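1. sequence isn't available, so here's the structure alone:
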């Protein structure tokens, strides 16, 4: 992906929030920090642990990345707790 596309995405998004569609409330904006639950073990995190996302980013391949602590993890290791 070109850096121009990522620059354009960053113009309309923020690293301190995430838009989420829920069954009960429709489209909502979650502001960091928000809680996620580990659904696939990664690093030292085990399934079932609840963690706090401090920022959200987009990878060069346009994948959603959660910043937990000082490290980035792909979103598919977690489920959002709303």
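-> The structure has been received and is ready for your questions. Only a predicted model underlies this, so the values are computations on that prediction, with no experimental measurement involved.

2. give me the number of residues near the closest residue to residue 41 other than its chain neighbours?
-> The shortest distance from residue 41 to any non-neighbouring residue, by CB to CB, 6 or more residues apart in numbering, is to residue 47 (5.7 Å). C-beta here means a position set from N, CA and C on the backbone, and glycine is covered the same way. Number of residues near residue 47 (other CB atoms under 10 Å) recorded here: 11.

3. can you map out the helices along this structure?
-> Using DSSP state H, the helices of the chain run over 3-12.

4. now for residue 76: which residues touch it?
-> residue 40 (CB atoms under 8 Å, 6 or more residues apart in numbering).

5. and it, how close does it get to residue 49?
-> Distance, residue 76 to residue 49, using CB to CB, to the nearest Å: 16 Å.

6. one step back: from what I can see the residue nearest to residue 41 touches residue 39, true?
-> Yes - Residue 47 lies in contact with residue 39 (CB atoms under 8 Å); the separation is 6.4 Å.

7. sorry, back to before: quick check: the gap between the residue nearest to residue 41 and residue 25.
-> 26 Å.

8. over to residue 45?
-> 27 Å.

9. ok, residue 43 next?
-> Separation of residue 43 from residue 25 (CB to CB): 31 Å.

10. check residue 19 too.
-> Distance of residue 19 to residue 25, given as CB to CB: 12 Å.

11. check contacts around the residue positioned nearest the centre of the chain.
-> Most central in the chain under CA atoms, centre = their mean is residue 66, positioned 3.8 Å from the mean C-alpha point. Residues near residue 66 by CB under 8 Å, 6+ apart: 36, 53, 55-56, 72-75, 78.

12. bridge partners for residue 36, pull those for me.
-> residue 51, residue 80 (DSSP bridges).

13. quick check: it touching residue 78?
-> Yes - counting by CB under 8 Å, residue 36 touches residue 78, with 3.8 Å between them.
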